[in-house]
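Student: coords below, sequence missing:
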Ligand code: MN
């Protein structure tokens, strides 16, 4: 039996669901059976989690800053309240089950907010000093900046290196990360690019898009998905 992987999706675009097909393809390629999760099913989350072997929190719009006790900064982008609601519920419940979670881009931020962390609503406006271009203008399969990876971390095990090259499509980034997570990937400007769990549960959040890099066969990206699916199969 293949592990069943719930993938969250965006729903605020003209009342239509939206999910980049590369998330689905990356899960299939790594040996999982993807299941796209809708919004509005908070009351049935326990039943859903009973079916899931793992959760992939996908990329998307900004998180409502009220959820980490801030009011909207002038440069806050679009928010998706119904998506915030189902994803935070799923993330919190899944963290309790011990089942694997992979958070990508917005998904990393959802994981952090789910445990009481916060986000820079606009990383360029809210950080001093020289900051790299994190909303790259290059094609989305191009790796535009480096990430320094913590030695001995899950990410280092998967990526096979203490320095990886990633794509970058975010204007928000993690601010306060609660001690339940460890920061295991940082860009050269200090922007947090990866967090992971500190116990046996496979919990990994990355700020970049390995599902897009895996299209061109990027080894570290493929191993992130393979490692996630392997954990989900246990
Ligand atoms: Mn970045």
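Tutor: Structure's in. What do you need? Every value quoted in this text rests on a predicted model; they were computed, and no experiment measured them.
Student: use CA for all of it now, contacts and neighbours both
Tutor: Will do.
Student: Could you check how far residue 47 is from residue 177?
Tutor: For residue 47, the distance to residue 177 (CA to CA, to the nearest Å) stands at 29 Å.
Student: Neighbour count: the two, which is higher?
Tutor: Under the criterion of other CA atoms under 10 Å, the comparison of residue 47 against residue 177 puts residue 177 first, with 20 against 9.
Student: you'd agree the more buried one is up against residue 114?
Tutor: No. Residue 177 is beyond contact range of residue 114, at 10.6 Å (criterion: CA atoms under 8 Å).
Student: Could you pull out the helices in this protein for me?
Tutor: 21-29, 45-51, 81-97, 106-114, 123-126, 154-159, 210-213, 219-233 (DSSP state H).
Student: For residue 70, find the nearest of those helices.
Tutor: helix 106-114 (11.9 Å; CA to CA).
Student: How about the closest one and the ion, any contact?
Tutor: No. Helix 106-114 lies out of reach of the ion by CA under 5 Å from the ion, never closer than 11.9 Å.
Student: now the angle from that helix to helix 81-97?
Tutor: Going by axes from the mean of the first three to the mean of the last three CA atoms, to 10 degrees, helix 106-114 is angled at 70 degrees with respect to helix 81-97.
Student: Mind giving me the packing neighbours of helix 106-114?
Tutor: On a contact count with 3 or more CA pairs under 8 Å, 6 or more residues apart in numbering; DSSP states H and E, helix 106-114 meets strand 54-57, helix 81-97, strand 101-104, strand 173-174, strand 203-206.
Student: For residue 73, which of the ones you listed is the nearest?
Tutor: strand 173-174 (13.8 Å).
Student: what does the chain put close to the ion?
Tutor: Counting by CA under 5 Å from the ion, the chain comes close to the ion at 134, 168.
Student: List the neighbouring strands of the lowest-mean-pLDDT helix or strand in the chain plus their orientation.
Tutor: Among the helices and strands of the chain, strand 10-13 carries the lowest confidence by mean pLDDT, DSSP states H and E, at a mean of 79. If you go by DSSP bridges, strand 10-13 pairs up with strand 16-18 (antiparallel).
Student: Identify all contacting residues around the strand it pairs with.
Tutor: Contact with strand 16-18 is made by 9-11, as judged by CA atoms under 8 Å, 6 or more residues apart in numbering.
Student: Please repeat the previous calculation with a cut-off of 10 Å.
Tutor: Residues outside strand 16-18 that contact it (CA atoms under 10 Å, 6 or more residues apart in numbering): 8-12, 36-39, 60.
Student: same question, stretch 67-76
Tutor: Outside stretch 67-76, the residues that touch it by CA under 10 Å, 6+ apart are 61-66, 81, 84-85, 88, 112-126, 171-172.
Student: From those residues, list just the buried residues.
Tutor: 61-65, 81, 84-85, 88, 112-115, 117-124, 171-172 (16 or more other CA atoms under 10 Å).
Student: got the contact list for the least confident helix or strand of the chain?
Tutor: The contact list for strand 10-13, computed with CA under 10 Å, 6+ apart, reads 16-20, 37-39, 58-61, 78-84.
Student: Pull out the buried members of those.
Tutor: Buried, going by 16+ other CA under 10 Å: 19, 37-39, 58-61, 80-84, out of the contacts of strand 10-13.
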